[in-house]
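1. When you get a sec, could you give me coordinates for this:
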Amino acid sequence: MPTFLTVVVNLLAGYAFARLRFRGRNVLFLLTLATMMIPVQAIMVAQFRLVSDLGIYGSYWGVILPGAAAAFGIFLARQFFIGIPDEIIEATKIDGSGQIRIFLQVVLPLSKPLIAVLILLTLMGSWNDFAWPLIALNDNQLFTLPIGLLYLQNQTAPNYNATMALAPISVLPMVALFLSFQRYFVQGFARSGIR
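-> Numbers count the residues shown, from 1 in each chain. Okay, the predicted model is just below:
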């Protein structure tokens with residue numbers, strides 16, 4: 001769910017920054033990029049207050065919503081959508097298509113490498129996230145895998161055998177995902193202009 005939501009938000013925001021003309025677009029995009037320079041630890045108190053005020057503290061939504069719009073994903077999507085030829089977009093506009101139809105029927109089918117990259121990066125980020133789930137969750141049943149590995153190291157008798165056995169198992173899904181999306185991953189970065 002967090003991966004799906006983040007990918008959808010990044011695709012829509014990237015398309016808006018790349019193809020839609022609105023007042024303040026460049027300033028808003030620069031502000032979005034500027035958020036990448038702020039360390040996550042600097043905004044955790046504000047995120048915690050927001051999650052608490054929304055009443056979603058201690059639930060998965062408290063972990064999912066603050067990370068729904070990733071600045072790097074928006075930047076990557078924008079760069080990819082800028083690379084789509086204007087002639088294709090103009091041809092669909094001449095056929096009478098609106099922005100939603102252009103996005104769904106023209107841009108998204110051309111964006112398979114981008115979608116694969118966003119899925120992979122988002123899933124890896126949320127799979128390995130440690131600090132924010134530790135703060136935003138208060139129920140042992142909801143803790144993520146990295147926090148579960150931490151709890152194997154209790155204060156009195158650390159269980160190194162179990163930790164060492166579970167650490168490679170926690171990495172295997174990400175390795176399998178990367179290997180299956182590797183071709184799209186390379187294409188997505190190559191076509192978005194990041195080398």
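2. Which parts of the protein are helices?
-> 2-19, 25-34, 40-54, 60-64, 71-82, 86-94, 99-101, 108-110, 112-128, 131-136, 145-151, 160-191 (DSSP state H).
3. So which of the ones you listed is the most surrounded?
-> Stretch with highest mean neighbour count among the helices of the chain: helix 71-82 (a mean of 22; mean count of other CB atoms under 10 Å). Bear in mind the C-beta positions are built from the backbone N, C-alpha and C, glycine included.
4. any idea of the angle it forms with helix 25-34?
-> 140 degrees (axes from the mean of the first three to the mean of the last three CA atoms, to 10 degrees).
5. what's the average pLDDT for helix 71-82?
-> The average pLDDT within helix 71-82 is 91.
6. Next: stretch 139-148.
-> 82.
7. contacting residues for residue 63?
-> Contacts here follow CB atoms under 8 Å, 6 or more residues apart in numbering; on that basis residue 63 touches 2, 129, 132-133, 136-137, 144.
8. want to throw those residues into CSV with distance to residue 83?
-> Below are these laid out as CSV (distance: CB to CB, whole Å):
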residue, distance to residue 83
2, 27
129, 30
132, 32
133, 35
136, 36
137, 39
144, 35
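9. Which of these sits closest to residue 58?
-> residue 137 (6.2 Å; CB to CB).
10. I figured that closest one was touching residue 143, is that so?
-> Yes. Between residue 137 and residue 143 there is a contact at 5.9 Å, judged by CB atoms under 8 Å.
11. got a pLDDT number for the residue nearest to residue 65 when sequence neighbours are not counted?
-> Among residues not flanking residue 65 along the chain, residue 56 sits closest, at 6.8 Å (CB to CB, 6 or more residues apart in numbering). Here, the pLDDT recorded for residue 56 equals 90.
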